[in-house]
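Undergrad: here are the coordinates; sequence isn't available:
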């Protein structure tokens, strides 16, 4: 359940809104009637959007392929033998 509250209201009664979140609710903070932030429970679990998951997947694939920097490839043994 989302509950909307102005920034001023949340500022003055933060503990009340924290209790709402602890009971499983979500508080949407508004400024001049427009949503600007959300207070949600801290679960310790990061939730990514579909777009974020896609970007993460592409970045990991690119990292595994490597980045060509124009120099010779060196492995760990080559560094220490050398």
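TA: Everything's here; your move. Here the structure is a predicted model, which is why all the values come from computation and not from measurement.

Undergrad: tell me what residue 2 is bridged to.
TA: residue 26 (DSSP bridges).

Undergrad: any idea how far it is from residue 28?
TA: Distance, residue 2 to residue 28, by C-beta to C-beta, to the nearest Å: 5 Å. From N, CA and C alone the C-beta is placed, and that goes for glycine too.

Undergrad: same deal with residue 78?
TA: According to C-beta to C-beta, residue 78 stands 56 Å off from residue 28.

Undergrad: the two: who's more crowded?
TA: Of the pair residue 78 and residue 28, residue 28 is the one with more neighbours under other C-beta atoms under 10 Å, namely 15 against 10.

Undergrad: how about whichever helix or strand that one is part of: buried residues?
TA: Using DSSP states H and E, residue 28 falls within strand 26-31. Judged by neighbour count using 16 or more other C-beta atoms under 10 Å, the buried positions of strand 26-31 are 27, 29-30.

Undergrad: among those, which one sits closest to residue 11?
TA: residue 29 (9.3 Å; C-beta to C-beta).

Undergrad: tell me the secondary structure for residue 45?
TA: With DSSP: H, G, I helix; E, B strand; the rest coil as the basis, residue 45 sits in coil.

Undergrad: count of residues packed around it?
TA: 5.

Undergrad: across the sheet, point out what pairs with residue 37.
TA: Residues in a beta bridge with residue 37, per DSSP bridges, are residue 29.

Undergrad: doesn't residue 5 belong to a strand?
TA: Yes: applying three-state DSSP, one finds residue 5 inside a strand.

Undergrad: if I look at it, how far off is residue 26?
TA: Distance, residue 5 to residue 26, using C-beta to C-beta: 11 Å.
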